[in-house]
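*Asks:* make a model of this:
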Amino acid sequence: MITQDQIKELEKKVEELSIFHQVGKALTSTLDLQEVLTLIMGKISELLKPSTWSLLLIDEKKQELHFQIAIGKNSTQIKDVRIRIGKGLVGWVAQTGEVAIINDVSEDPRFLPEIDGIIHPHIKSIVCVPLKSKERTLGVIELINCFEGTFPNEDLSMLTSLADYAAIAIENAMYVKRIQELTITDDCTNLYNSRYFNYMIDAELSRSKRYSYNFALIFFDLDRFKLVNDTHGHLCGSRLLREIGDLIKQHLRDIDTAYRYGGDEFILLLPQTSKENALLVAKRLCSLLNQTSINLEDHVTVKITASFGVAAFPVDAATKVELVRLADQAMYRVKNRTRNDVGAT
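*Replies:* Numbers count the residues shown, from 1 in each chain. You can find the predicted model right below:
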């Protein structure tokens, strides 16, 4: 005869299988990372009922963790909070790739209240599980006050399995993002390519017409770039293009975008910018190039200037083709006259 405890155990197994089925279905039906992670964390919350929980992802370039999802009293205040890998319990899990289960945080030196207690001031117990793929840690799941005494092995097994699903979703999203970046990014400069420029200027034209905004284009071409290739070789020429791309990006607003238009030609798209302000930006960049020495390799440092042309919507033209043509023409007038200067229609 089946006992009540056996019935409960069977019901729990059925619930777990249902959860895995739902998560697996989500993984195969959508590439929306937030949707999959929210589903996974929701199921974890239903099963383990923590008072607060969060999912943090690793920013490998900055060696930091940031909150991708957080549910708790202070969750709305931590969207910009960053935690250094290796700092606090969450940072320790990210660094080591090991699970941490603590019954009483006051007795564990890895726990730092100013870091680990950031979204919950009253923590007794904590469970931190790494999100791992091929021995690489992608993030951390953190559950607060979800157990007393001993954390059950079956719950840990369930949690680590769901963490594996989350890691798969993250890795899938990373692959998709990389593929998307390759289709819109120039390999040499890491700026956007001309294909993406055509898409973005169409979008900006539509937005600016709808809301009666101004926007401007800055077209510029490096002066005597061929001389760099002829003197130092094409590898140095390619490095120079990349350095110019990095330099330009560092001196634009977040809403501005830079593109390699072709060869040593670049184009900048400046939303909500008047022609007068675009001219100021172009003059500032022209001056910046004049003041910058670029190291290409050992004992090879060059200075290079550029010729700039500016055109703006709607004062100069109302179509993509005409705006690009006018900015290009303004640039070539400078190129044919003096080089190293700014021109406009």
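*Asks:* and Leu288, that's in a helix?
*Replies:* Yes - according to DSSP: H, G, I helix; E, B strand; the rest coil, Leu288 belongs to a helix.
*Asks:* if I read this right, it contacts Ile244, doesn't it?
*Replies:* No - counting by CB atoms under 8 Å, Leu288 does not reach Ile244; the two are 10.4 Å apart. For the C-beta atoms, the positions are set from N, CA and C on the backbone; glycine is no exception.
*Asks:* of the two, which one has the most company?
*Replies:* With neighbours defined as other CB atoms under 10 Å, Leu288 and Ile244 compare such that Ile244 has more, 24 against 14.
*Asks:* secondary structure element for that one?
*Replies:* According to DSSP states H and E, Ile244 maps onto helix 234-250.
*Asks:* the helix or strand that that helix is followed by - what's its average pLDDT?
*Replies:* Sequence-wise, the next helix or strand downstream of helix 234-250 (DSSP H and E) is strand 257-262. Strand 257-262 carries an average pLDDT of 95.
*Asks:* give me the distance between the next helix or strand after strand 257-262 and the centre of its chain.
*Replies:* Next along the chain after strand 257-262, taking DSSP H and E as the criterion, comes strand 265-271. What separates the centre of strand 265-271 from the centre of its chain is 21 Å, taken as CA atoms, centre = their mean, to the nearest Å.
*Asks:* mean confidence score for strand 265-271?
*Replies:* 97.
*Asks:* touching, Ala258 and Glu265? I think so.
*Replies:* No - Ala258 is beyond contact range of Glu265, at 11.8 Å (criterion: CB under 8 Å).
*Asks:* give me the more crowded residue out of those two.
*Replies:* Ala258 (23 against 17).
*Asks:* give me every residue that touches the more buried one.
*Replies:* 191-192, 245, 248-249, 252, 266-269 (CB atoms under 8 Å, 6 or more residues apart in numbering).
*Asks:* between which two of the residues you listed is the distance greatest?
*Replies:* Gly245 and Leu269 (14.6 Å; CB to CB).
*Asks:* same list (the contacts of Ala258) but as JSON lines, adding neighbour count.
*Replies:* Output for those, formatted as JSON lines (neighbours: other CB atoms under 10 Å):
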{"residue": "Leu191", "neighbour count": "25"}
{"residue": "Tyr192", "neighbour count": "22"}
{"residue": "Gly245", "neighbour count": "20"}
{"residue": "Ile248", "neighbour count": "21"}
{"residue": "Lys249", "neighbour count": "15"}
{"residue": "Leu252", "neighbour count": "16"}
{"residue": "Phe266", "neighbour count": "25"}
{"residue": "Ile267", "neighbour count": "25"}
{"residue": "Leu268", "neighbour count": "27"}
{"residue": "Leu269", "neighbour count": "22"}
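*Asks:* which among these gets closest to Leu89?
*Replies:* Looking across the contacts of Ala258 and measuring by CB to CB, the closest to Leu89 is Lys249, at 36.3 Å.
*Asks:* thinking that closest one is in contact with Thr189, fair?
*Replies:* No - taking contacts as CB under 8 Å, Lys249 lies outside contact range of Thr189: 9.4 Å.
*Asks:* pLDDT weak spots in this protein?
*Replies:* Across the chain, the ranges flagged by pLDDT under 70 are 1-2, 4-31.
*Asks:* the domain parsing of it - what is it?
*Replies:* Domain assignment for the chain by automatic domain parsing gives 4-182, 194-344.
*Asks:* distance across the shortest one, terminal residue to terminal residue?
*Replies:* Same thing as domain 194-344. Length of domain 194-344, first residue to last, CA to CA, to the nearest Å: 22 Å.
*Asks:* coming back round to it: between the contacts of Ala258, which sits nearest Thr185?
*Replies:* Closest to Thr185, out of all of the contacts of Ala258 and judged by CB to CB, is Tyr192, at 6.2 Å.
*Asks:* next up, the contacts around the nearest residue to the closest one once chain neighbours are set aside.
*Replies:* Of all residues beyond its chain neighbours, the one nearest Tyr192 is Tyr259 (4.6 Å), with distances taken as CB to CB, 6 or more residues apart in numbering. Tyr259 makes contact with 186, 191-194, 196-197, 266-269, according to CB under 8 Å, 6+ apart.
*Asks:* I appreciate the help and will end here.
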